[in-house]
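Engineer: give me the fold of what follows.
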Amino acid sequence: MSPAYFPDTVQLFPRPGFGSVDWAIAPNCPGRVSFQATTWPAKLYQTDGRTVIQPHQLVQIVGMQGITLLVQPITELDRN
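Structural biologist: Numbering: from 1, shown residues only. Here you go, the predicted structure:
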């Protein structure tokens, strides 16, 4: 028997990955990111509600919800 699929379940990654935004991502407005040699639907994860990430910006990929990647903007601390 195959495992059940729950598209609303959030799966956080043990270590974040990094991707590049292809389509802008804003609160309540998903976009797309390039990650691991393909593009994925993406939405913001736990931001201040005003964050907008523009195309070509780098983001942290912190998890998945269904086939949608959950992303956060990269801060200077994340780069070190």
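
Engineer: how many neighbours does residue 47 have?
Structural biologist: Neighbourhood size, residue 47 [other C-beta atoms under 10 Å]: 16. C-beta here means a position set from N, CA and C on the backbone, and glycine is covered the same way.

Engineer: next one: residue 73
Structural biologist: Around residue 73 there are 17 residues (other C-beta under 10 Å).

Engineer: the lengthiest strand in the chain - what's its average pLDDT?
Structural biologist: What stands out as the longest strand in the chain, according to DSSP state E, is strand 10-23. Mean pLDDT, strand 10-23: 96.

Engineer: so where is this structure shaky, pLDDT-wise?
Structural biologist: Across the chain, the ranges flagged by pLDDT under 70 are 1-6, 76-80.

Engineer: please repeat the previous calculation with a cut-off of 90.
Structural biologist: Applying pLDDT under 90 to the chain picks out residues 1-9, 46-49, 75-80.

Engineer: report the buried residues of the longest strand of the chain.
Structural biologist: 16, 19, 21, 22 (16 or more other C-beta atoms under 10 Å).

Engineer: ok, residues contacting it?
Structural biologist: For strand 10-23, the surrounding residues in contact (C-beta atoms under 8 Å, 6 or more residues apart in numbering) are 31-36, 39-40, 42, 53-65, 69-72, 74.
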